[in-house]
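Q: attaching a predicted model along with its sequence, questions to come.
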Amino acid sequence: MMADITKVTVLCGGVQAGTLQLDPSSGVCVFEYDRAWLAGGFSLSPTELPLQSGLFYADKEKLDGRFAIFEDSLPDGYGLYLLDRILRRQNTSLKELTPLQRLSIVGSSGMGALSYRPVMPGIGKQKELEEEARLDLLQNEALTVLSEREAGDPELLYYNSSNSGGARPKAAFRAQDGSHWLVKFRHTYDPADVGKMELLYMQTARECGVNIPRIGLLRDKYFAIERFDYDGDGRRLHVATASALLKTDFRYQNVDYTNLLALTGYLTQDPVQVEEMFRRMVVNLVVDNKDDHAKNFSFICREGKWSLAPAYDITYSPAGSNGEHATSLYFNGNPDLDLVLKAGVEIRIPLSRCKEIVQQVEQVCEKMLPVFNKL
């Protein structure tokens, strides 16, 4: 039986930002900024929690009365699967946990600068990934657990995943130079060369002019990407996905690229970054990455100033949902060139520049990829 938790302290970068609790009458989450944070901090989510005093009540009609910015800290896909396996061994389940209990399990292990107290004890084995040689061990453990066999160690996998999202197994890895990385493993349905494939597609995105983190291939098979939620001094940065900032559940696939372009402009007030989002849209369409849902776009907040985070999870994913992109364009799951150009012009990118970006992306993809889509 999990401990009952009535209040959670929310910290950002180790500093107390506010308090989260449940409204006893409605069951929705209620948040309030601390006075000290109001005096010297910043809004954790400009679209959901503006920096002002008073109580914030989550919308009962969205996310079952939970705040999207805090739900963003929870694992999804693979991470939730592991957590459910662990909880079932403790004779409980995710469905039985309150939102506060779930965040207490995350504690300080999630992505970005947000952390939560109290920390729920007894979840995950405190073993950090120290050597590349241990990657094979974690890969084998992941395949065992994902095959629904009783063998395997979900607690070890959960701790090493650092609450990262996505469907594929991952592990946090710290390099000898002190930088922080995520290493991806093969799922049961993935081909043996899936790591090399993702490396190729991310390299292609970089050649197309997309800003991506440092990437690499470990042991000639595991795709690795540097984490952007750490700064150069090893401090955690506040990061939010587009899904959280748009206050939506990414699994419903109800976000449009026009929303992402507008969100980028609203947060950054920078036409260069709006153009970067346009370029990422074009790349996803041309390389046939239909897994372009709203959690695969993130923003970083540095001392109250928001910027577009480096791109990630750009790979070959042609199946999508009924053959359509997770993020639509003017509600079209497979948009053509006319819609792409329309979106660019409406967000105030000159038509000639839009055409130039499309042409550049198509030329790079034709040179580097075995298959690609021409808009």
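A: It's in.

Q: what sits against Ser115?
A: The contact partners of Ser115, by Cβ atoms under 8 Å, 6 or more residues apart in numbering, come to Val10, Leu11, Cys12, Gly14, Val106, Gly107, Ser108. In short, each C-beta sits where N, CA and C put it, glycine included.

Q: which residue ranges of the stretch 201-350 of the chain form helices?
A: Along the stretch 201-350 of the chain, the stretches classed as helices by DSSP state H, counting those that start in this stretch are 242-245, 257-268, 271-287, 337-346.

Q: can you say which of the ones you listed is packed in most?
A: Mean neighbours per residue, mean count of other Cβ atoms under 10 Å, is largest over the helices of the stretch 201-350 of the chain for helix 242-245, with a mean of 25.

Q: helices or strands next to that helix in the packing?
A: Helices and strands touching helix 242-245, by 3 or more Cβ pairs under 8 Å, 6 or more residues apart in numbering; DSSP states H and E, are helix 68-71, helix 257-268, strand 298-302.

Q: in what element of secondary structure is Thr47 found?
A: Counting by DSSP states H and E, no helix or strand carries Thr47.

Q: count residues in the vicinity of it, would you?
A: Thr47 has 16 neighbouring residues, counting by other Cβ atoms under 10 Å.

Q: and the nearest residue to it once chain neighbours are set aside, what is it in contact with?
A: The spatially closest residue to Thr47, leaving aside those adjacent along the chain, is Leu245, at 5.3 Å (Cβ to Cβ, 6 or more residues apart in numbering). Counting by Cβ under 8 Å, 6+ apart, Leu245 makes contact with Ser45, Pro46, Thr47, Glu48, Ala68, Ile69, Leu263, Leu267, Phe299.

Q: which residues does the last one bridge with?
A: According to DSSP bridges, the partner residues bridging Phe299 are Ala240, Leu308.

Q: from Leu94, how far out is it?
A: 27 Å (Cβ to Cβ, to the nearest Å).

Q: which of the two has more residues huddled nearby?
A: The residue with more neighbours, out of Phe299 and Leu94 and counting by other Cβ under 10 Å, is Phe299; that gives 21 against 16.

Q: so the more buried one makes contact with Leu237?
A: No - Phe299 is not in contact with Leu237 according to Cβ atoms under 8 Å; the separation is 10.4 Å.

Q: dump the helices and strands packed on helix 242-245 into TSV; add mean pLDDT and distance to Ile347 as well.
A: Below are these laid out as TSV (pLDDT from 0 to 100; distance: least, Cβ to Cβ, whole Å):
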stretch	mean pLDDT	distance to Ile347
helix 68-71	96	23
helix 257-268	98	5
strand 298-302	97	16
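
Q: OK, contacts around the nearest residue to Thr327 once chain neighbours are set aside?
A: Excluding the flanking residues, the one nearest Thr327 by Cβ to Cβ, 6+ apart is Asp292, at 4.9 Å. Going by Cβ under 8 Å, 6+ apart, Asp292 touches Asn284, His325, Ala326, Thr327.

Q: look up how far Cys12 lies from Asp292.
A: Asp292 sits 28 Å away from Cys12, taking Cβ to Cβ as the criterion.

Q: likewise for Gln203?
A: 34 Å.

Q: listing request: residues of the chain with sub-threshold pLDDT.
A: Filtered on pLDDT under 70, the chain yields the residue ranges 1-3, 77-82, 84-86, 89-90, 120-134, 136-138, 140-168.

Q: now the strands for it?
A: Under the criterion DSSP state E, strands of the chain are mapped to 7-12, 15-22, 29-33, 56-57, 114-117, 170-174, 180-184, 215-218, 222-226, 238-241, 298-302, 305-308.

Q: measure Asp177 to Gly234 for me?
A: Distance, Asp177 to Gly234, by Cβ to Cβ: 11 Å.

Q: which one of those two has more residues nearby?
A: A direct count of neighbours by other Cβ under 10 Å for Asp177 and Gly234 places Gly234 higher, at 10 against 5.

Q: give me every residue that touches the more buried one.
A: By Cβ under 8 Å, 6+ apart, the contact list for Gly234 reads Gly178, His180.

Q: one more time with 10 Å
A: When contacts are counted by Cβ atoms under 10 Å, 6 or more residues apart in numbering, Gly234 touches Arg174, Gly178, Ser179, His180.

Q: any quick ChimeraX command for the buried ones out of the residues you listed?
A: Provided next is the ChimeraX selection string for whichever of these are buried by 16 or more other Cβ atoms under 10 Å:
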select :180
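
Q: now, which of the contacts of Gly234 sits nearest Ile215?
A: Closest approach between those and Ile215, by Cβ to Cβ: Ser179, at 12.1 Å.

Q: about what we covered before: from the contacts of Ser115, which is closest to Leu55?
A: Among those, Val10 lies closest to Leu55 (Cβ to Cβ), at 13.9 Å.

Q: my guess is that closest one contacts Thr19. True?
A: Yes - with contact defined as Cβ atoms under 10 Å, Val10 reaches Thr19; the gap is 6.9 Å.

Q: tell me, what's touching the two both at once?
A: In terms of Cβ under 10 Å, 6+ apart, Val10 and Thr19 are both contacted by the residues Phe31, Glu32, Tyr33, Asp34.

Q: give the contact list for the last one.
A: Which is Asp34. Contacts of Asp34 (Cβ under 10 Å, 6+ apart): Thr9, Val10, Leu11, Val15, Gln16, Ala17, Gly18, Thr19, Gly41.
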